[in-house]
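Q: with the input below, show me the fold.
(2 chains)
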There are 2 protein chains.
Amino acid sequence: MSLLVVGSVALDSVKTPFGEIKEGLGGSATYFSIAAGCFTKVRLVAVVGEDFPAKHVSFLKSRGVDLRGLSRAKGKTFRWKGFYGDDMNEAKTLRTDLNVFETFRPELPPPYRDTPFVFLANIDPDLQRNVVDQIPDPYLVACDTMNYWISSKPEALRKTLSRVDILFVNEGEARQLAGGSNLLKAARRLLSMGPSTVVIKRGEYGALLFRKDSLFWAPAYPLETVKDPTGAGDSFAGGFMGYLSRRKGLTETRLRRALIYGSIMASFNVEAFSLNRLRKIKREDVERRFRAFRGLVRF
Amino acid sequence: MSLLVVGSVALDSVKTPFGEIKEGLGGSATYFSIAAGCFTKVRLVAVVGEDFPAKHVSFLKSRGVDLRGLSRAKGKTFRWKGFYGDDMNEAKTLRTDLNVFETFRPELPPPYRDTPFVFLANIDPDLQRNVVDQIPDPYLVACDTMNYWISSKPEALRKTLSRVDILFVNEGEARQLAGGSNLLKAARRLLSMGPSTVVIKRGEYGALLFRKDSLFWAPAYPLETVKDPTGAGDSFAGGFMGYLSRRKGLTETRLRRALIYGSIMASFNVEAFSLNRLRKIKREDVERRFRAFRGLVRF
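A: The predicted model follows:
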């Protein structure tokens, strides 16, 4: 079934201890679309500037991404510049040029308004809610957020959370949003804010899936090569939502497998800069890693 | 089958954000013995001073610990004083009084010399090797170590590693000992130093079991209450070795389950100060948590 993502398309310049890339294709909606595209048809809503390279548009099209929602505005494309130190866990931002993204007001093309599965990538929570308002009857709405919105727009974010089914956050964001250091208590507090499922991402330590009466613990795929963590969270959400949106039905088992697929897509993503690894991945590569995950936790 | 532990018996004064204890029963051999005692008969080799409270001896005896190897020396018992900050991941030492432990030279009582399963807790690697020398034909030898020995006695430690089957380290120690940040590569380097199995403990993130051709990922039991992490590593090793020593045979499945039992005993231990939680644990509590671990990773 179709899956909608609203987020950013960007040009990223990233340096890590293992190399660098200048103005590579990036952005939350991009990583999400390519990861989810392994499973389903993705409808993308984002904005780029007049300078956005045609080759990136061709690439997205070639992967089957529906670009009717990609608008081109006067000005330059969103650019981000950052680097990772030795621990590779946290990006240090050197420069953010929002450019056309600064005035982005997502407007869904009419054919998108019946999309059953919706992912609101990390944008202003007021805009996230505005997107939900444009879809009369979504089957499932998920969102991501970040420390910036948690501290600067807590009220707007709470309103958005009351409208979503699944929340994706990393460990630090979960603690910040819930206001407490114990992760179990934090997850319970987040569940009380609206979502019926909370996904807490922990990078190389895996991810947790919290629901009212259950808890699932997914490992991260152990890697010898981690070149660039940029986009890992969005690839994770892409794998998760992509798998889930293949059909309706939100059983515990399907949600758990979705978490594994999220973990798999994130693991591929960090193996190379930009989308260089993810763009080569075929469904059989994904399934091979799925079997490896089974072997990793069997006892 | 019987299981030998050589390590410390101490009196610990610990403060955490959740309370404090003064001169509580502690020490690596103590935590190990009580955790392993859920599964098998433990022979303990350690030293205490003249001031060691009789009630602690009675408690250890009541739990079936074989104390023929516990010697009482002139002087005071080893004391440690420390605290944990909000993150509870690392102890800050305020004071260490080695006392009788300073001149501890473990001598095995003759009946101990046929013990098949041996655990060398975190002591001077030269002493660890000396213990192995006293056992003509051990079935399995495991050891723990710490950053202090890794940096101060690297050669002695390497010699010890060439004599052990299983190495227990935490994540930071693994990286330090192997000299590199990637955990997968670090584990491979540690395996090349002698042990056929390397256990890497990651606190609230679980533990990894590395062997030449396999990797197993165990979760940590998610807890709402973590009062005092002191002794978690030794309780972990105790659960692991206790389960394993019930009979000979080191299959992959048994090693994986041993890791789960290690994780379980560590999870009980941190729920209270000193051995206050561990001392109340019955085998059925352990099995209940074992089933919960299964539910945690099933997908």
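Q: could you give the number of residues near A:A220?
A: Applying other CB atoms under 10 Å in any protein chain shown, we find 23 residues neighbouring A:A220. For the C-beta atoms, the positions are set from N, CA and C on the backbone; glycine is no exception.
Q: list the contacts of it.
A: Applying CB atoms under 8 Å, 6 or more residues apart in numbering or on different chains, we find A:A220 in contact with A:202-207, A:263, A:266-267.
Q: likewise A:V164?
A: Taking CB under 8 Å, 6+ apart, one finds A:120, A:132, A:141-143, A:194-195 in contact with A:V164.
Q: could you do A:L60 as well?
A: Contacts of A:L60 (CB under 8 Å, 6+ apart): A:30, A:33-34, A:44, A:67, A:70.
Q: make TSV from the residues you listed and add secondary structure and pLDDT to it.
A: Shown next, in TSV, are the contacts of A:L60 (DSSP: H, G, I helix; E, B strand; the rest coil; pLDDT from 0 to 100):
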residue	secondary structure	pLDDT
A:T30	helix	98
A:S33	helix	98
A:I34	helix	98
A:L44	strand	98
A:L67	strand	98
A:L70	strand	98
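Q: can you lay out those residues as JSON lines showing distance to chain B and neighbour count?
A: Formatted as JSON lines, the contacts of A:L60 follow (distance: CB to the nearest CB, whole Å; neighbours: other CB atoms under 10 Å in any protein chain shown):
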{"residue": "A:T30", "distance to chain B": "27", "neighbour count": "30"}
{"residue": "A:S33", "distance to chain B": "25", "neighbour count": "29"}
{"residue": "A:I34", "distance to chain B": "24", "neighbour count": "28"}
{"residue": "A:L44", "distance to chain B": "29", "neighbour count": "25"}
{"residue": "A:L67", "distance to chain B": "34", "neighbour count": "16"}
{"residue": "A:L70", "distance to chain B": "35", "neighbour count": "20"}
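Q: returning to what we had before: if we check chain B, which of the contacts of A:A220 are in contact?
A: Restricting the contacts of A:A220 to those within reach of chain B (CB under 8 Å from any CB of the partner chain) leaves A:202, A:204-206.
Q: nearest to chain B, of the contacts of A:A220?
A: Of all the contacts of A:A220, A:Y205 has the smallest distance to chain B: 4.2 Å, by CB to the nearest CB.
Q: the closest one reaches B:R202, doesn't it?
A: Yes. At 7.0 Å, A:Y205 and B:R202 qualify as touching, with contact defined as CB atoms under 8 Å.
Q: what about the spatially closest residue to A:T253 that is not a sequence neighbour, how many residues close to it?
A: Among residues not flanking A:T253 along the chain, B:F299 sits closest, at 7.1 Å (CB to CB, 6 or more residues apart in numbering or on different chains). Neighbours of B:F299 under the rule other CB under 10 Å: 19.
Q: which pLDDT value goes with B:F299?
A: With respect to pLDDT, B:F299 scores 96.
Q: I'd say it and A:G262 touch.
A: No. Between B:F299 and A:G262 there is no contact under CB under 8 Å: 11.8 Å.
Q: need the residues touching each of those two.
A: A:A218.
Q: quick one: is stretch A:6-16 near chain B?
A: No. Stretch A:6-16 does not reach chain B (CB under 8 Å from any CB); its nearest approach is 12.4 Å.
Q: from the chain's centre, how far out does that stretch sit?
A: Mean C-alpha position of stretch A:6-16 versus that of the full chain (CA atoms, centre = their mean, to the nearest Å) differs by 13 Å.
Q: over to stretch A:204-223?
A: 16 Å.
Q: can you pull the residues of the stretch 1-150 of chain A lying near chain B?
A: Within reach of chain B by CB under 8 Å from any CB, the stretch 1-150 of chain A has these residues: A:86-87.
Q: ok, whichever residue of the stretch 1-150 of chain A sits closest to chain B - how many residues close by?
A: As assessed by CB to the nearest CB, chain B sits closest to A:D86 within the stretch 1-150 of chain A, at 6.2 Å. By other CB under 10 Å, 8 other residues sit near A:D86.
Q: for it, what is the enclosing helix or strand?
A: Counting by DSSP states H and E, no helix or strand carries A:D86.
Q: and it, what's its pLDDT?
A: On pLDDT, A:D86 comes in at 81.
Q: how about the contacts made by it?
A: Taking CB under 8 Å, 6+ apart as the test, what A:D86 contacts is A:17, B:181.
Q: what's it sitting at in phi/psi?
A: The phi/psi pair for A:D86 (degrees, to the nearest 10) reads phi -60, psi -40.
Q: now swap in the one 3 residues further on and tell me
A: Backbone dihedrals for A:N89, given as degrees, to the nearest 10, come out at phi -90, psi -30.
Q: out of everything not next to it in sequence, what's closest to it?
A: A:G203 (5.8 Å).
Q: show the contacting residues for the one you found.
A: Here A:G203 is in contact with A:89, A:170, A:220, A:229, A:232 (criterion: CB under 8 Å, 6+ apart).
Q: just among those, which is most surrounded?
A: When neighbours are taken as other CB under 10 Å, the top entry among the contacts of A:G203 is A:A232 (26 neighbours).
Q: residue nearest the middle of chain A, spatially speaking?
A: A:D234 (2.3 Å; CA atoms, centre = their mean).
Q: from A:H56, how far out is that one?
A: Relative to A:H56, A:D234 is positioned 16 Å away (CB to CB, to the nearest Å).
Q: give me the pLDDT value at the residue nearest to A:N89.
A: So A:G203 comes in at 94 (pLDDT).
Q: which residues in the stretch 51-200 of chain A form strands?
A: Under the criterion DSSP state E, counting those that start in this stretch, the stretch 51-200 of chain A contains strands at A:66-72, A:79-84, A:91-97, A:117-120, A:140-144, A:166-170, A:197-201.
Q: could you give the angle of the second one to strand A:91-97?
A: With axes from the mean of the first three to the mean of the last three CA atoms, to 10 degrees defining the directions, strand A:79-84 sits at 160 degrees from strand A:91-97.
Q: in its sheet, what does strand A:79-84 sit against?
A: strand A:10-16 (parallel), strand A:91-97 (antiparallel) (DSSP bridges).
Q: now the residue nearest to A:M193 when sequence neighbours are not counted: how far from A:N99?
A: Distances taken as CB to CB, 6+ apart put A:L161 closest to A:M193, at 4.5 Å, once the chain neighbours are dropped. Relative to A:N99, A:L161 is positioned 29 Å away (CB to CB).
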